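J.: need coordinates for the below:
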Amino acid sequence: MKNRTVARLLYAHQVDMGGMPIRQPLPTQQVAQIDPFLLLHHANIKAPTHIDPDHAGVGPHPHRGFSPVTFIFQGGVHHRDSRGNDSVIYAGGAQWMNAGMGIIHSERPPRDIHEIGGRQEIIQLWINTPAKSKMDQPMYFPLNAEEAPKIKTVDLRVTGKVFAGELLDVKGPIPSQAVVNAATFEIKQGGKVSIPIPVNHTAFIYLLDGKLTIDGFGLVEGLHIVHFKNDGEGITFEGLEDTRVLFLTGEPLNETVVSHGPFVMNNQTQIMEAMRDYQMGKMGILIED
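T.: Numbers count the residues shown, from 1 in each chain. I've put the predicted structure just below:
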């Protein structure tokens, strides 16, 4: 297998999101997207003790035209939306929402957040939806850590969970509107893995922490995206320290992206229609108990 070479490293700079400090390696001033992936936010925060968990986190807000996906690494997330979905997913799981024609959701700490350590560490990833599917009915797919299909190397120094697509003959159960492979990995020091990927896919990994060595490149430290060139059939990396990784590949859509806040469409008219539909209540209503 010919390994891909590294196109660039993207550092996860800290930004302020409504008073919440988060890390954002994508997009940057240099890189608008890694098609079909639009945005990656990495948050690692203490849940406030002076606010009821039902009123902390992110309150009701709309989305249209893409999939906001939340991977949970510490703590949990309580998801509620205008389609009646209401679930809590804890560390090791994910919440995958195809926003489609429009949905309103909230993402708050679970009620027992302080009993389970009080810390929330999550990644939110925005995956673009093909133009033909942007006005599909919204769908929500919660997946607990126990339900996610597992990848393990023989020496158990690399373990992973596949959420969507297929990696190393392990299939993820979540249907994605864009063609993607999405997994998380825990690499212990000295753990090494080679992962074949489709030659027509873009690919990147994000290191939440630790250090890896990438075959053909060298050392990469935590809080970086490693964006690979489309010049090989796979990726090989080895842990220099214990490292947690989000692993993503996707078939590029090669479509015009026009976004405004929580809406991602293909032209400005569609953005105006999204704003109007939201204001008219066409994306539903979310009243939290």
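
J.: show me what contacts the residue nearest to Gly239 when sequence neighbours are not counted?
T.: In space, and not counting its chain neighbours, Gly239 is closest to Ile187: 3.7 Å by C-beta to C-beta, 6 or more residues apart in numbering. Using the backbone N, CA and C atoms, a C-beta is placed for each residue, glycine as well. Applying C-beta atoms under 8 Å, 6 or more residues apart in numbering, we find Ile187 in contact with Arg157, Val158, Val193, Gly210, Leu212, Phe237, Glu238, Gly239, Asp242, Thr243, Arg244, Val245.

J.: what helix or strand does the third one sit in?
T.: With the criterion set as DSSP states H and E, the secondary-structure element containing Val193 is strand 192-196.

J.: please name the bridge partners of the residue nearest to Gly239.
T.: Val158, Thr243 (DSSP bridges).

J.: and it, how far from Val15?
T.: 27 Å (C-beta to C-beta, to the nearest Å).

J.: same check, this time on Arg23
T.: On the measure of C-beta to C-beta, Arg23 and Val15 end up 8 Å apart.

J.: got JSON lines for the contacts of Ile187, with pLDDT too?
T.: Below are the contacts of Ile187 laid out as JSON lines (pLDDT from 0 to 100):
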{"residue": "Arg157", "pLDDT": "98"}
{"residue": "Val158", "pLDDT": "98"}
{"residue": "Val193", "pLDDT": "97"}
{"residue": "Gly210", "pLDDT": "98"}
{"residue": "Leu212", "pLDDT": "98"}
{"residue": "Phe237", "pLDDT": "97"}
{"residue": "Glu238", "pLDDT": "98"}
{"residue": "Gly239", "pLDDT": "98"}
{"residue": "Asp242", "pLDDT": "98"}
{"residue": "Thr243", "pLDDT": "98"}
{"residue": "Arg244", "pLDDT": "98"}
{"residue": "Val245", "pLDDT": "98"}
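
J.: put together a markdown table for the residues you listed, with neighbour count on each row.
T.: Below are the contacts of Ile187 laid out as a markdown table (neighbours: other C-beta atoms under 10 Å):
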| residue | neighbour count |
| --- | --- |
| Arg157 | 18 |
| Val158 | 23 |
| Val193 | 23 |
| Gly210 | 20 |
| Leu212 | 25 |
| Phe237 | 26 |
| Glu238 | 19 |
| Gly239 | 22 |
| Asp242 | 15 |
| Thr243 | 25 |
| Arg244 | 17 |
| Val245 | 25 |
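
J.: which of those residues lies closest to Asp289?
T.: Here the nearest of these to Asp289, counting by C-beta to C-beta, is Arg244; it sits at 34.0 Å.

J.: what's the pLDDT at the closest residue to that closest one other than its chain neighbours?
T.: Computed as C-beta to C-beta, 6+ apart, the closest residue to Arg244 that is not its neighbour in sequence is Leu208, at 4.2 Å. Leu208 carries a pLDDT score of 98 in this model.

J.: pretty sure Leu208 is touching Glu221, no?
T.: No - contact criterion C-beta atoms under 8 Å: Leu208 and Glu221 do not qualify, at 11.2 Å.

J.: ok, those two, which is more surrounded?
T.: Neighbour tally, Leu208 and Glu221, criterion other C-beta atoms under 10 Å: the higher count belongs to Leu208, 21 against 15.

J.: report the contact partners of that one.
T.: Counted by C-beta under 8 Å, 6+ apart, Leu208 has contacts His42, Phe73, Glu121, Ile123, Gly222, Leu223, Thr243, Arg244, Val245, Leu246.

J.: and it, how far from Lys2?
T.: The value you get for Leu208 to Lys2, if C-beta to C-beta is used, is 28 Å.

J.: partner residues bridging Ser194?
T.: Bridge pairing for Ser194 - DSSP bridges - gives Thr236.

J.: which parts of this protein are helices?
T.: Listed in chain order, the helices of the chain (DSSP state H) span residues 268-279.

J.: count the residues that sit near Ile123.
T.: Neighbours of Ile123 using other C-beta under 10 Å come to 22.

J.: run a quick neighbour tally on the closest residue to it other than its chain neighbours.
T.: Of all residues not flanking Ile123 in the chain, Phe71 sits nearest, at 4.6 Å (C-beta to C-beta, 6+ apart). Per other C-beta under 10 Å, the neighbour tally for Phe71 reads 27.

J.: who does Phe71 bridge with?
T.: Bridge pairing for Phe71 - DSSP bridges - gives Ala94, Ile123.

J.: going forward, begin numbering at 38 instead of 1
T.: From this message on, residue numbering opens at 38, which makes the last subject Phe108.
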